[in-house]
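Engineer: just to be clear, the model below is a prediction. Sequence and coordinates:
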Amino acid sequence: MIDTIIFKIADGAGRVWKHNIPQAQVRRTGADRYTGNIGNMKILETLDGVTVAGSVARYLNGENTSALTRETYAGALRKLEAETGLDLRTAIVRRVDFGASIITQKPPAEYLRNFGTLPKYKKGVEYGYCGGIESVTYHTRAGALQFCAYDKIKEIADGGGTVPELYAGCNVLRMEYRIIRRQGVKSKLGNGADITPWQLAEKETYRNLAGLFHDFYASIPKTGRLVFADGGKNITPKELTDILAEAFRQTAPQAYRELLQTLFERGRLTEKSMERIKAQERKNGQNYVFSDTNALIAELDEKAQRRAFTGA
């Protein structure tokens, strides 16, 4: 579902918002600068235009855990236009997030620990007080794209919010694909052109965004697979070493990465060797001769696809 968006209206017509929302919610913070809000949506007006930012799901429903369909997203835009007087067909989208809250059989940390490193993206991991993984974030060096997966129930509890009835007592893994730069929105969704908030409600654009969410999730290498030896043939010492190394990578991915990092920093692994190791990892990721799919990841794969393309 579409969640956070940021859009800007560059012409003077955007200034009408100040005359439509309660005056107590309008603040003058400079000679030509005004701020305000309608619900959780924050509004900023400067000489350059009017910018609106916030979670559309939270604006409409009071929370952003439950699914927001393409139709209910359009309803949120109509509500925002009615309350502010803004014409969102003249607005330019500068950020859009597509997220899904997935009820899982196990706690989110057990799935997150299996999210591996992704070429060309930086990976950030946040740990809780007891050492469990609470979130994993991938982002480009320029910061135009992000993908974040985290424990949604923990986030709600930390923020003092209330868990929606549907998700009460459940394990909930939240995943979000974020395009956080105007150029990224143009490139990924507009074929090089700017798009409006209303264009996000169009079927083709919405499906493209859902596809980007799913494709990014699917591209993340997953560990935690069961590694086994073929008992029907003789195993050479090298093959056994390879199997044991892959088993270590699958069952202890963090320790495996830390070992490689230590060896590289001490000069015991060259850049060429690291490239070969990464190439072998990618090859192993497609090798089902001595490894089977992790049950938790298989569960998440199926649920992520359904959430992206059917909303179920």
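Structural biologist: Structure's in. What do you need? It should be emphasised that the depicted structure is a prediction, and the values quoted were computed from it without experimental measurement.
Engineer: then Arg174 would be within a strand, right?
Structural biologist: Yes - inclusion of Arg174 in a strand is indicated when DSSP: H, G, I helix; E, B strand; the rest coil is applied.
Engineer: tell me the contacts of the residue nearest the centre of the chain?
Structural biologist: Nearest to the geometric centre of the chain sits Glu176, at 2.3 Å (C-alpha atoms, centre = their mean). By C-beta atoms under 8 Å, 6 or more residues apart in numbering, the contact set of Glu176 is 3, 97-100, 146-149. Yep, even glycine has a C-beta here, placed from its N, CA and C like the rest.
Engineer: and of those residues, the nearest to Tyr217?
Structural biologist: Phe147 (7.2 Å; C-beta to C-beta).
Engineer: who's that closest one bridged to?
Structural biologist: With DSSP bridges as the criterion, Phe147 is bridged to Tyr138, Tyr177.
Engineer: you'd agree it is up against Ser135?
Structural biologist: No - taking contacts as C-beta atoms under 8 Å, Phe147 lies outside contact range of Ser135: 11.1 Å.
Engineer: the more surrounded of those two?
Structural biologist: Phe147 (22 against 19; other C-beta atoms under 10 Å).
Engineer: strands of the stretch 101-250 of the chain, start to end?
Structural biologist: Remark: strands assigned in the stretch 101-250 of the chain by DSSP state E, counting those that start in this stretch are 122-127, 133-139, 145-151, 171-179, 226-227.
Engineer: just give the number of residues close to the closest residue to the residue nearest to the centre of the chain other than its chain neighbours.
Structural biologist: Leaving aside its sequence neighbours, Glu176 sits nearest to Gly99 (C-beta to C-beta, 6 or more residues apart in numbering; 3.9 Å). For Gly99, the number of neighbouring residues by other C-beta under 10 Å comes to 24.
Engineer: regarding Gly99, what is its secondary structure?
Structural biologist: Look at Gly99: counting by three-state DSSP, its state is strand.
Engineer: before we move on, the earlier item: what's the most distant pair in the contacts of Glu176?
Structural biologist: Applying C-beta to C-beta across the contacts of Glu176, the maximum distance is between Ala100 and Gln146, 14.9 Å.
Engineer: looking at those two, which one has more neighbours?
Structural biologist: Ala100 (23 against 20).
Engineer: so which strand or helix has the nearest residue to the more buried one once chain neighbours are set aside?
Structural biologist: Nearest residue to Ala100 in three dimensions, chain neighbours excluded: Arg307, at 4.1 Å (C-beta to C-beta, 6+ apart). Taking DSSP states H and E as the criterion, Arg307 maps to helix 295-309.
Engineer: list the buried ones in that helix?
Structural biologist: Neighbour counts over helix 295-309 (16 or more other C-beta atoms under 10 Å) mark 296-297, 299-301, 303-304, 307-308 as buried.
Engineer: helices or strands next to it in the packing?
Structural biologist: Packing contacts for helix 295-309, counted by 3 or more C-beta pairs under 8 Å, 6 or more residues apart in numbering; DSSP states H and E, involve strand 92-104, helix 108-112, helix 203-219.
Engineer: would you mark the buried spots in the longest one?
Structural biologist: Across helix 203-219, burial judged by 16+ other C-beta under 10 Å covers 205-206, 208-210, 212-214, 216-217.
Engineer: go on, stretch 84-94?
Structural biologist: 84-86, 88, 91-94.
Engineer: how about these, which pair is most distant?
Structural biologist: Spanning the widest gap among the buried residues of stretch 84-94 are Gly85 and Arg94, at 20.6 Å by C-beta to C-beta.
Engineer: Asp292 contacts Gln250, doesn't it?
Structural biologist: No - between Asp292 and Gln250 there is no contact under C-beta under 8 Å: 10.2 Å.
Engineer: quick one: which of the two has more around it?
Structural biologist: Set side by side, Asp292 and Gln250 show more neighbours around Gln250, with 21 against 11, by other C-beta under 10 Å.
Engineer: residue contacts, that one?
Structural biologist: 223-227, 291, 294.
Engineer: hmm, back to that, for the helices and strands packed on helix 295-309, which one sits closest to Lys18?
Structural biologist: strand 92-104 (20.2 Å).
Engineer: return the closest one as CSV; C-alpha atoms alone will do.
Structural biologist: The C-alpha trace of strand 92-104 is given here as CSV (Å, rounded to 0.1, in the frame of the first residue of the first chain):
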residue,chain,number,x,y,z
ILE,A,92,4.6,17.0,-8.1
VAL,A,93,5.5,13.9,-6.1
ARG,A,94,8.9,14.0,-4.4
ARG,A,95,8.7,10.9,-2.3
VAL,A,96,6.5,7.8,-2.1
ASP,A,97,6.7,4.7,0.1
PHE,A,98,5.0,1.4,-0.7
GLY,A,99,4.7,-0.8,2.4
ALA,A,100,3.1,-4.0,3.6
SER,A,101,2.4,-5.3,7.1
ILE,A,102,2.8,-9.1,7.1
ILE,A,103,1.6,-11.4,9.9
THR,A,104,4.3,-14.0,10.4
